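A.B. asks: I would like the atomic coordinates for the input below:
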Amino acid sequence: MNSQFTPFRDEYFEMDKNTLLTEIEKEKFFHDMVVGETRTRSWVYEDHSPPNYHLWPLLRYLGELDISGKTCLDIGSFDGMSAFVLAERGAAHVDATCQYDLKRFRLMRALRRYEQVAYHPNTDLGKIARSFASARYDLVIISAMLHHLTAPLDALLETRRLLKPNGAFLLETIFIDDPSPALLLNTELADPIFGAPTLFAPTLPAARGMLQLAGFEIESETRLLGGGAARETNHERVTFLARARKASQIAARTKKTIEIHESAPKLGPIDFTALEHDETPLSEIRYSGPEGSRTLNIWIDTVDSPLQPQARMHPSNVRTCFIAGAENHFLTLASCIPDGAFTWEDVHLLGARYPAEIMPDGMQWGLKQLGCLHVLDYVRKLGLARVLEIGPGFNLYFVNHLPTWCSYVGLDASGFYDANIMGLANVARSRASVETVDALLGSTEGKLAADSFDACISVSVLEHVPTADIAAVCRDMFRLLKPGAWAIHSIDYPLTAIAKRGRAWVDALHQAGFRLDDDTIEEALGGAAPPLETGDQILTEPFSIRSRFSEGYRKSIWGRSDFGRNRATQGTFLVAAQKPRSEGRV
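C.D. replies: The predicted structure follows:
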């Protein structure tokens, strides 16, 4: 690169707008950015995924931080979206580093005349450590980088050196959802995370612990949800907003962290003892958002940011469905959900209601098992955080098995069950910090707010709704769900009434406004989806006896073939319908 140009300007600034636009069209971008009528597109975030979704929590934090007039550093800027958003939001100076020298970064910077953005190509952490001044920055960003580094903790320590006291650190990283504080070697995982070179993957406790060990206090963290229906099929993503603190100011430190800070205070470039007496002026960067943990769903929530394109929020790869539950559905779901998907704690109250039976056949627990797995699969892969269960009765399945990031409300009317049994169930649910509302779906006005749930779920419940009330139930469900949220159910039916009952629900869901794609509705119910494949078996009452809990569901469905088959009488529909959301800035 010609040495006459400073890091702020290069030869691309001498090009006219049309030439820059022509050159940008030739480039292949990672970030999907919109400037006026120009859109870069992306080879990563294709039409079926919301553009730049891994950056959404970071973009939201940048809207909640007072960046105007501040000095910022974007480590590993790549195409430059984070650095350019900082410039758009009024940063006085932005240093953007990259391992490469990318023409597309320079083109976009010149197009927008970001003269406050200094580009530092061919710069790794070692070069930053040698040439970037300490306590210079109000804000440092590291996004989608930690898992590519040979020494993740070193990167956090170096960031602490670069920040002014009280400076803000935005760290976006992948993580493995495991309760242990482990930094896992990706090459040795049974199911390695894609992408090269992905070297390490922290668990969430490990990521928090490394931040505290490096001298940061976590002010807020946002867990990104919905990646299971996009690219994060075997890992998740989190974004931290942390503050550079003296070690003594970090309230969440463990005893071992305190011991390290006090007895071995020199970690890489940081001397924690010296920091205790540091009189460097504090950064005045302010944060106006909420503290603590929160979530952001890429299919339901919205983010408003400069450069962020509009996106269609009904991805074709997240399919609706209205189909008869079959044995292959059970086998497929059972194979991808852990052995602990069914436990005695889920049904222990049945013993109080039916003391002579371990698992009463008349309760149709095979159909309920399939329904539970169907619902749980959608909740997990779509990251549905606020869940309303219809008619839980004394079934504790979802209280026990929903992911930890879910909040749960049960909706049921008193009088359907034995009062003493329901009392026990409600106590068990209250111990799990959940809420139970005494009402029926179809008449929740005044009891539950509109647009307040990510998912409305039920298992073997809605078949009890009288035909005359189905339309009102669907309208109420639509009212309760947020735009983009999901109705996920299993609805049992007598085999003699499959078409009549199914069409009543399909019609009511459509009339209420739900997205229920024609090619995911069986043709017998008025849709375009073909019937079950030849040889596939609808899951019916005999299979429920084969897979009852007393045998263990995995042992039953794969290890036994001597269960008798009685005449089939009842099956279940698997339903997943989405409340639409209009296109708009996300």
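A.B. asks: Need the residue closest to the centroid of this protein.
C.D. replies: Nearest to the mean C-alpha position of the chain, by Cα atoms, centre = their mean, lies residue 225 at 0.8 Å.
A.B. asks: Following the chain onward from the one helix or strand residue 169 maps to, which element is next?
C.D. replies: Using DSSP states H and E, residue 169 maps to strand 163-175. Moving toward the C-terminus from strand 163-175, the next helix or strand (DSSP H and E) is strand 183-185.
A.B. asks: could you say what helices and strands that next one packs with?
C.D. replies: strand 200-202 (3 or more Cβ pairs under 8 Å, 6 or more residues apart in numbering; DSSP states H and E). Using the backbone N, CA and C atoms, a C-beta is placed for each residue, glycine as well.
A.B. asks: which intervals of this protein have sub-threshold pLDDT?
C.D. replies: Within the chain, the segments meeting pLDDT under 70 span 1-6, 46-47, 311-317, 338-365, 431-433, 532-535, 539-569, 582-586.
A.B. asks: What is the longest helix of it by residue count?
C.D. replies: The helix that spans the most residues within the chain, counting by DSSP state H, is helix 365-382.
A.B. asks: after it, next one along is what?
C.D. replies: strand 386-390.
A.B. asks: for that next one, packing partners?
C.D. replies: Under the contact rule (3+ Cβ pairs under 8 Å, 6+ apart), strand 386-390 is packed against strand 407-412, strand 453-459.
A.B. asks: hang on, the earlier thing: what comes up buried for the strand holding residue 169?
C.D. replies: 163-175 (16 or more other Cβ atoms under 10 Å).
A.B. asks: and residue 150, what does it touch?
C.D. replies: By Cβ atoms under 8 Å, 6 or more residues apart in numbering, residue 150 lies in contact with residue 199.
A.B. asks: actually residue 85, not the one I typed
C.D. replies: 59, 62, 305, 306, 307.
A.B. asks: now those residues in JSON lines, with secondary structure?
C.D. replies: Compiled in JSON lines, those are given as follows (DSSP: H, G, I helix; E, B strand; the rest coil):
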{"residue": "59", "secondary structure": "helix"}
{"residue": "62", "secondary structure": "helix"}
{"residue": "305", "secondary structure": "coil"}
{"residue": "306", "secondary structure": "coil"}
{"residue": "307", "secondary structure": "coil"}
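A.B. asks: In those residues, find the pair that's most separated.
C.D. replies: Longest distance between any two of the contacts of residue 85 is 10.9 Å, between 62 and 307; criterion Cβ to Cβ.
A.B. asks: For the stretch 401-550 of the chain, just list every one of the strands.
C.D. replies: Here the stretch 401-550 of the chain has its strands, by DSSP state E, counting those that start in this stretch, at 407-412, 435-438, 453-459, 481-494.
A.B. asks: list the buried ones in stretch 22-30?
C.D. replies: 23, 24, 29, 30.
A.B. asks: Just the closest of those residues to residue 109, please.
C.D. replies: Nearest member of the buried residues of stretch 22-30 to residue 109, counting by Cβ to Cβ, is residue 24, at 11.2 Å.
A.B. asks: ok, the closest one - contacts?
C.D. replies: Contacts of residue 24 by Cβ under 8 Å, 6+ apart are 38, 40, 104, 107, 108, 111.
A.B. asks: Three-state assignment for it, please.
C.D. replies: Residue 24 is classified as helix under three-state DSSP.
A.B. asks: on that earlier part again, quick one, the longest helix of the chain and strand 386-390 angle?
C.D. replies: Angle, helix 365-382 to strand 386-390, by axes from the mean of the first three to the mean of the last three Cα atoms, to 10 degrees: 160 degrees.
A.B. asks: what about dumping the CA coordinates of helix 365-382 to CSV?
C.D. replies: Output in CSV follows, covering the C-alpha atoms of helix 365-382 (Å, rounded to 0.1, in the frame of the first residue of the first chain):
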residue,chain,number,x,y,z
TRP,A,365,-48.9,-42.0,26.9
GLY,A,366,-47.4,-43.0,23.6
LEU,A,367,-49.3,-40.2,21.9
LYS,A,368,-48.3,-37.8,24.7
GLN,A,369,-44.6,-38.8,24.4
LEU,A,370,-44.7,-38.0,20.7
GLY,A,371,-46.4,-34.7,21.4
CYS,A,372,-43.9,-33.8,24.0
LEU,A,373,-40.9,-34.5,21.8
HIS,A,374,-42.6,-32.6,18.9
VAL,A,375,-43.1,-29.5,21.0
LEU,A,376,-39.7,-29.6,22.7
ASP,A,377,-37.9,-29.9,19.3
TYR,A,378,-39.6,-26.7,18.0
VAL,A,379,-39.0,-24.8,21.2
ARG,A,380,-35.3,-25.7,21.2
LYS,A,381,-34.4,-25.1,17.6
LEU,A,382,-36.4,-21.9,17.3
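A.B. asks: and that helix, what other elements does it pack with?
C.D. replies: helix 327-336, helix 397-401, strand 453-459, strand 481-494, helix 541-546, strand 570-578.
A.B. asks: And those: which comes nearest residue 440?
C.D. replies: strand 453-459 (12.0 Å).
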